[in-house]
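In: Prediction below, plus the sequence it came from.
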Amino acid sequence: MRAAVRDGYGGPEVVRVVDVPDPVPGPREVLVRVRATTVNRTDAAYRAGLPRPARAVYGWPRPKAKVLGCELAGDVVGVGEEVSVFAVGDRVYGYVEGRFGAHAELVAVPEDGWLEPVPDGLTHADAVAATEGPHYALAFLVRTHVRPGQSVLVIGATGAIGSACVQLAAHRGARVTALCDAEHADVVARLGAGEVVDRARGLDALTGPYDVVLDAVGKASFASCRRLLRPGGAYSSSEPGRGGVNFALAAIGPLVRRRRHVVFPLPSEDAATRRTLHAALAAGDLVPLIDPHRFGLEEIVEAYRYVDTGTKLGSVVVDVP
């Protein structure tokens, strides 16, 4: 099979598309012929080995995972002898962060892992981006206890996480304000934002107050957003912040819950999360935002270069013919 491999850490140039042996599914694994995958910020971080201390987990001095790729959608072409839920021919989508391997023509996925049937009426590309960003977004909403009628600010509303935050928060009945580039205002409004503010105007253009501020790109800070929060309001970021400050502030969050505080969105891949997101996808309450720039597997280095520019819209889909 063809797969995008890397032998070390670095820029997009460390990735090569080569022939590698086909994976053989274990007794409880499902073999999927990948039809679509994505390149996201997580893939780019693993590829680069950043932050550097994380290489203790990623692998040192060389990465453990040669084939990256967290998100996949495709067709079941083989099953282990103990598999009972899926059958050859099923259309599926899933998430394999930690195991990786989705940047290839074939990938073996545990039957009890994150693997779901593609809802009727959706293509592989429609479903492939329904895991990485949305499960972070759901963690934001659950951890900050977003409720109907609350005011929520989403910073970075056009990314994979931010666009899912807008949709899921609006579906919960929250009043959503989104911060994004002016050229994408109409897109974000269609996702469910009641107010869209041009990112070029900066946080100073906002007055709030908000019950929750969700920083989906990690480029703001609690210090810069504190004045925008109501007393008891929560700030949550997708990034740890300089020196891991958001971890530290989140640790004391339970002690100052009645004051403005920080919550860190530790995402979950448990069955409840998977059911919630799958139901939202099937009902049309979650429509993953897909960047108009599409790439083929043989062009995945260019996909990485594009993601590294920081200008992507939603998720960058890589088609695997």
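Out: Arrived safely, thanks for sending. In this text, all values refer to a predicted model and were calculated from it rather than measured experimentally. Numbers count the residues shown, from 1 in each chain.

In: Give me the three-state assignment for the nearest residue to Ala48 once chain neighbours are set aside.
Out: In space, and not counting its chain neighbours, Ala48 is closest to Tyr9: 6.0 Å by C-beta to C-beta, 6 or more residues apart in numbering. Any C-beta I mention is one placed from the backbone N, CA and C, and that applies to glycine too. At Tyr9, secondary structure determined by DSSP: H, G, I helix; E, B strand; the rest coil is coil.

In: ok, Tyr9 - contacts?
Out: 47-49, 55, 58, 62-63 (C-beta atoms under 8 Å, 6 or more residues apart in numbering).

In: Narrow those to those in strands?
Out: Judged by DSSP state E, strands contain none of those.

In: Please check the residues you listed and keep the buried ones.
Out: The neighbour count (16 or more other C-beta atoms under 10 Å) marks 47-49, 55, 58, 63 as buried among those.

In: Tabulate these (JSON lines), appending pLDDT.
Out: What follows is these, written out as JSON lines (pLDDT from 0 to 100):
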{"residue": "Arg47", "pLDDT": "97"}
{"residue": "Ala48", "pLDDT": "97"}
{"residue": "Gly49", "pLDDT": "96"}
{"residue": "Arg55", "pLDDT": "94"}
{"residue": "Tyr58", "pLDDT": "92"}
{"residue": "Pro63", "pLDDT": "96"}
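
In: Tell me which two of the contacts of Tyr9 sit farthest apart.
Out: Ala48 and Arg62 (13.7 Å; C-beta to C-beta).

In: Low-confidence stretches in the stretch 151-300 of the chain?
Out: 253-258 (pLDDT under 70).

In: can you give me the helices for it?
Out: Along the stretch 151-300 of the chain, the segments classed as helices by DSSP state H, counting those that start in this stretch run 160-171, 185-191, 222-225, 245-251, 271-283, 300-308.

In: what's the closest of the ones you listed to Gly89?
Out: helix 271-283 (19.5 Å).

In: and the closest one, what does it pack onto?
Out: strand 114-117, helix 132-143, helix 160-171 (3 or more C-beta pairs under 8 Å, 6 or more residues apart in numbering; DSSP states H and E).
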